[in-house]
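Colleague: predicted model follows, preceded by the sequence.
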Amino acid sequence: MICRIAIHEKTPGSVASEEARGFREWIREQPGFVGGYHARDSGTGRMVSITVWDSEESIMALGDRTPPGGPVGITTDRLEIFDVVEEF
(Lines give C-alpha, C1' and ligand atoms only; values in the text may rest on other atoms or scores of the structure.)
Protein backbone atom coordinates (compact mmCIF):
# COMPACT_ATOMS: atom_id res chain seq x y z
CA MET A 1 0.00 0.00 0.00
CA ILE A 2 0.99 3.60 -0.60
CA CYS A 3 0.21 6.68 1.52
CA ARG A 4 -0.14 10.08 -0.16
CA ILE A 5 0.18 13.11 2.12
CA ALA A 6 -0.62 16.55 0.74
CA ILE A 7 -0.16 19.71 2.81
CA HIS A 8 -2.22 22.79 1.98
CA GLU A 9 -1.26 26.11 3.59
CA LYS A 10 -4.47 27.83 2.46
CA THR A 11 -7.77 26.29 1.43
CA PRO A 12 -10.37 28.12 -0.66
CA GLY A 13 -13.25 27.06 1.59
CA SER A 14 -14.54 24.62 4.14
CA VAL A 15 -13.67 20.92 3.93
CA ALA A 16 -17.30 20.42 5.01
CA SER A 17 -18.66 22.18 1.90
CA GLU A 18 -20.82 20.38 -0.64
CA GLU A 19 -18.02 20.71 -3.19
CA ALA A 20 -15.51 19.08 -0.81
CA ARG A 21 -17.96 16.30 0.03
CA GLY A 22 -18.49 15.64 -3.67
CA PHE A 23 -14.74 15.45 -4.21
CA ARG A 24 -14.36 12.92 -1.38
CA GLU A 25 -17.17 10.80 -2.82
CA TRP A 26 -15.41 10.84 -6.19
CA ILE A 27 -12.06 9.87 -4.62
CA ARG A 28 -13.68 6.96 -2.75
CA GLU A 29 -14.89 5.57 -6.09
CA GLN A 30 -11.44 5.59 -7.70
CA PRO A 31 -9.77 2.24 -8.37
CA GLY A 32 -7.20 1.37 -5.72
CA PHE A 33 -8.50 3.77 -3.05
CA VAL A 34 -8.20 2.26 0.44
CA GLY A 35 -9.00 5.16 2.81
CA GLY A 36 -8.48 8.83 3.53
CA TYR A 37 -8.63 11.73 5.94
CA HIS A 38 -8.75 15.50 5.82
CA ALA A 39 -7.35 17.18 8.93
CA ARG A 40 -7.14 20.89 9.68
CA ASP A 41 -5.37 23.14 12.16
CA SER A 42 -8.18 25.42 13.40
CA GLY A 43 -5.75 28.15 14.38
CA THR A 44 -3.83 28.52 11.13
CA GLY A 45 -6.21 27.01 8.58
CA ARG A 46 -3.48 24.65 7.36
CA MET A 47 -4.87 21.39 6.10
CA VAL A 48 -3.49 17.95 5.38
CA SER A 49 -5.01 15.37 3.07
CA ILE A 50 -3.98 11.78 3.76
CA THR A 51 -5.04 9.04 1.38
CA VAL A 52 -4.04 5.39 1.22
CA TRP A 53 -3.91 3.49 -2.07
CA ASP A 54 -3.27 -0.10 -3.04
CA SER A 55 -0.39 0.85 -5.37
CA GLU A 56 1.60 3.74 -6.78
CA GLU A 57 -0.04 3.04 -10.15
CA SER A 58 -3.43 3.85 -8.62
CA ILE A 59 -2.16 7.23 -7.41
CA MET A 60 -0.53 8.02 -10.75
CA ALA A 61 -3.76 7.16 -12.63
CA LEU A 62 -5.49 10.03 -10.79
CA GLY A 63 -3.52 12.49 -12.92
CA ASP A 64 -5.58 11.40 -15.93
CA ARG A 65 -8.94 11.91 -14.19
CA THR A 66 -10.92 15.02 -13.33
CA PRO A 67 -13.60 15.05 -10.64
CA PRO A 68 -17.14 16.05 -11.65
CA GLY A 69 -17.36 19.83 -11.65
CA GLY A 70 -13.62 20.16 -12.32
CA PRO A 71 -10.73 20.71 -9.90
CA VAL A 72 -11.70 21.84 -6.40
CA GLY A 73 -9.21 24.73 -6.37
CA ILE A 74 -6.99 23.62 -3.51
CA THR A 75 -3.29 24.31 -4.01
CA THR A 76 -0.98 21.59 -2.72
CA ASP A 77 2.08 23.21 -1.17
CA ARG A 78 3.86 19.97 -0.37
CA LEU A 79 3.24 16.41 -1.51
CA GLU A 80 4.91 13.26 -0.25
CA ILE A 81 4.40 9.60 -1.05
CA PHE A 82 5.29 6.84 1.44
CA ASP A 83 5.19 3.06 1.38
CA VAL A 84 2.88 1.76 4.09
CA VAL A 85 5.10 -0.37 6.31
CA GLU A 86 2.68 -1.45 9.01
CA GLU A 87 -0.99 -0.89 9.73
CA PHE A 88 -2.11 -0.59 13.35
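Modeller: Perfect, thanks for sending it.

Colleague: tell me the buried residues in the helix or strand harbouring residue 23?
Modeller: Taking DSSP states H and E as the definition, one finds residue 23 inside helix 18-28. Across helix 18-28, burial judged by 16 or more other CB atoms under 10 Å covers 19, 20, 23, 24, 26. In this view, the C-beta of every residue, glycine as well, is placed from N, C-alpha and C.

Colleague: want to throw those residues into TSV with pLDDT and distance to residue 38?
Modeller: Below are these laid out as TSV (pLDDT from 0 to 100; distance: CB to CB, whole Å):
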residue	pLDDT	distance to residue 38
19	80	13
20	80	8
23	85	10
24	89	8
26	92	14
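
Colleague: closest to residue 35 among those residues?
Modeller: Proximity of these to residue 35 (CB to CB) peaks at residue 24, which lies at 11.2 Å.

Colleague: what sits against the most centrally placed residue in the chain?
Modeller: Centroid check for the chain by CA atoms, centre = their mean gives residue 49 as the closest residue, at 4.5 Å. Counting by CB atoms under 8 Å, 6 or more residues apart in numbering, residue 49 touches 4, 5, 6, 8, 36, 37, 38.
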